[in-house]
Each structure stands twice: as C-alpha cells, then as structure tokens.
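A.B. asks: build the 3D model from these lines:
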Amino acid sequence: MCRNIRVLFNFDPPATEAEIRDASLQFVRKISGFHQPSKANEQSFLAAVDEITHVSTDLIQSLETNAQPRTREQEIAKAKARFSTRFATRVSA
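C.D. replies: Predicted coordinates for the structure are as follows:
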C-alpha cells in the first residue's frame with residue numbers, strides 16, 4: 001500500500017470528505033503511475049478519483065466495529081514513535 005494513504009476508519013471525529021478524496025487521489029496516482037496526468041488522460045484520471053472517493057465513502061460508512069474510536073493525536077504520536085525507532089536503528093547501524 002502507498003505509505004501516503006492513511007487508515008480513515010474508526011476515528012473520532014470521522015474522516016472528512018477531503019481526507020477520503022486525498023487518499024483516493026493517492027491511490028489513483030499510485031496505480032496509474034501519473035502524479036499529474038496529461039490532458040488526454042485527465043478526464044479518466046479525475047473520473048477514477050471521483051469513483052474511488054464515492055466507493056471509499058460508502059465503505060467507511062458501512063463498516064462496524066466494537067473497538068474504541070481512534071484520535072488523530074494518538075495516531076500521530078504512534079507514527080512519531082515508529083519513526084524514531086526505525087531511524088534510530090539505521091543511524092546506529
């Protein structure tokens with residue numbers, strides 16, 4: 001999975017439409033190989049982003065869990081801890 005695509009399910013407050021669209025854009029960029037499509041491919045590229053955004057929104061809204069909702073602050077702290085551990089190991093190696 002593309003490292004820029006983040007988990008969007010089970011957050012308090014819920015993922016925004018913009019967050020879902022950003023993840024969809026990253027997904028389409030990854031599978032198409034285009035960061036910015038040519039004019040000839042732009043319509044297909046944007047249509048794919050729109051469709052994936054719609055499907056992703058439906059998916060996130062239909063999922064259920066008994067787990068406690070995550071907070072963005074907790075997830076950021078976990079990511080920073082993983083980053084520190086990962087890169088501290090490389091520096092000392």
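A.B. asks: and the lengthiest helix in the chain, what does it pack onto?
C.D. replies: Using DSSP state H, we find that the single longest helix of the chain is helix 39-62. In terms of contacts (3 or more CB pairs under 8 Å, 6 or more residues apart in numbering; DSSP states H and E), helix 39-62 is packed against helix 17-32. No exception for glycine: its C-beta is placed from N, CA and C like everyone else's.
A.B. asks: contacts for the helix it packs on?
C.D. replies: By CB atoms under 8 Å, 6 or more residues apart in numbering, the surrounding residues in contact with helix 17-32 are 2, 4-6, 8, 35, 41, 45, 48-49, 52-53, 56-57, 60.
A.B. asks: of all the residues you listed, which two lie farthest apart?
C.D. replies: Greatest spatial distance among the contacts of helix 17-32 (CB to CB): Asn41 and Ile60, at 27.5 Å.
A.B. asks: between these two, which one's more packed in?
C.D. replies: Ile60 (16 against 13; other CB atoms under 10 Å).
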